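Participant: Coordinates for the following, if possible.
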Amino acid sequence: MKVLGVITARGGSKRLPNKNTAMLGGKPLIAWSIEVGLATCHHVVLSTDSEFIAGVARQHGCKVIMRPPELCGDADHVSVVIHAARNAEDGPYNAVLLLQPTSPFRDERDVVAAQKVMEDTSADSVISVVEFQKSDTLFTLGHANRMRGAGERDTVYTPNGAIYLIKWDHLLEKGDWYDPHAYAYVMPPERSLDIDTHADFEAARAMLDDQGRFDPGVIAKKVTAPA
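Facilitator: Presented below is the predicted three-dimensional model:
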């Protein structure tokens, strides 16, 4: 399957300034997604409205597509991805893979597995999800907000932001990831961290070993290490 990888990284960030180029494990945040994209996709482009981010992306071997004025700022992701797809080299493709820089711990096996889901099913899109972590004690609210114990519930999932894979024609014709033919690829919680705040970034740093590599067990190792 011929896949175009699209990384979206705008210059402004309200909650965590300059997060897309902040250093994580000795490399800028966008580099984590660039490396995965280059290893799993036929071609990878980064869409941005920032010349600085564009320069960083090129330093890490990624092609860049600058956004037009109408797609700068808080433009919706679908419009940005469609613009990148239409302006990417060597198209058309079978599918387009959106890789958001805020999910640095999604890895090559995740992307390959999501692509296999698309190849083996009738999926128009494949979205990575993680099991929603519910509290052990759940309540519903009755009259005057009186607490009532909640019964057993089915396991539920939520998108984790790491992988949005969509068929080329479906993207350009409908631009809808969440249609009746959307399939899920389930990822573990430790690879589902979505960086949006300073606390998220510190949590990501805490999951790196001394060489700056992702190691989900590193926190436990640090806690149990002798003083």
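Participant: Ala204 should be in a helix, yeah?
Facilitator: Yes - inclusion of Ala204 in a helix is indicated when DSSP: H, G, I helix; E, B strand; the rest coil is applied.
Participant: any idea how far Trp32 is from it?
Facilitator: 10 Å (Cβ to Cβ, to the nearest Å). All C-beta atoms are positioned from the backbone trio N, CA, C, and that covers glycine.
Participant: Contact partners for Ile163?
Facilitator: When contacts are counted by Cβ atoms under 8 Å, 6 or more residues apart in numbering, Ile163 touches 97-99, 103, 106, 110-111, 114, 126-128, 185, 187.
Participant: Mind listing the shared neighbours of Ala204 and Trp32?
Facilitator: By Cβ under 8 Å, 6+ apart, Ala204 and Trp32 have these common neighbours: 24, 104-105.
Participant: Val117 and Ala123 touch, don't they?
Facilitator: Yes - here Val117 reaches Ala123: they are 6.2 Å apart, a contact under Cβ atoms under 8 Å.
Participant: who has more neighbours, Ala204 and Trp32?
Facilitator: Trp32 (24 against 21; other Cβ atoms under 10 Å).
Participant: Quick one: residues in contact with stretch 38-48.
Facilitator: With Cβ under 8 Å, 6+ apart, stretch 38-48 has contacts from 2-11, 30, 34, 37, 53-54, 57, 61-67, 80-81, 83-84, 87-90, 93, 97, 108, 111-112, 115.
Participant: whoops, stretch 191-205 was the one
Facilitator: Contacts for stretch 191-205 (Cβ under 8 Å, 6+ apart): 15-16, 19, 22, 24-25, 29, 100, 102-107, 110, 128, 130, 160-162, 207, 214, 216.
Participant: residue ranges with poor pLDDT in this protein?
Facilitator: Scanning the chain with the threshold set as pLDDT under 70 gives 14-15, 134-154, 219-227.
Participant: Could I get the full set of strands for it?
Facilitator: With strands called from DSSP state E, the chain shows them at 3-8, 23-24, 27-28, 43-48, 63-66, 95-99, 125-131, 139-141, 147-149, 157-167, 182-186.
Participant: I appreciate the help and will end here.
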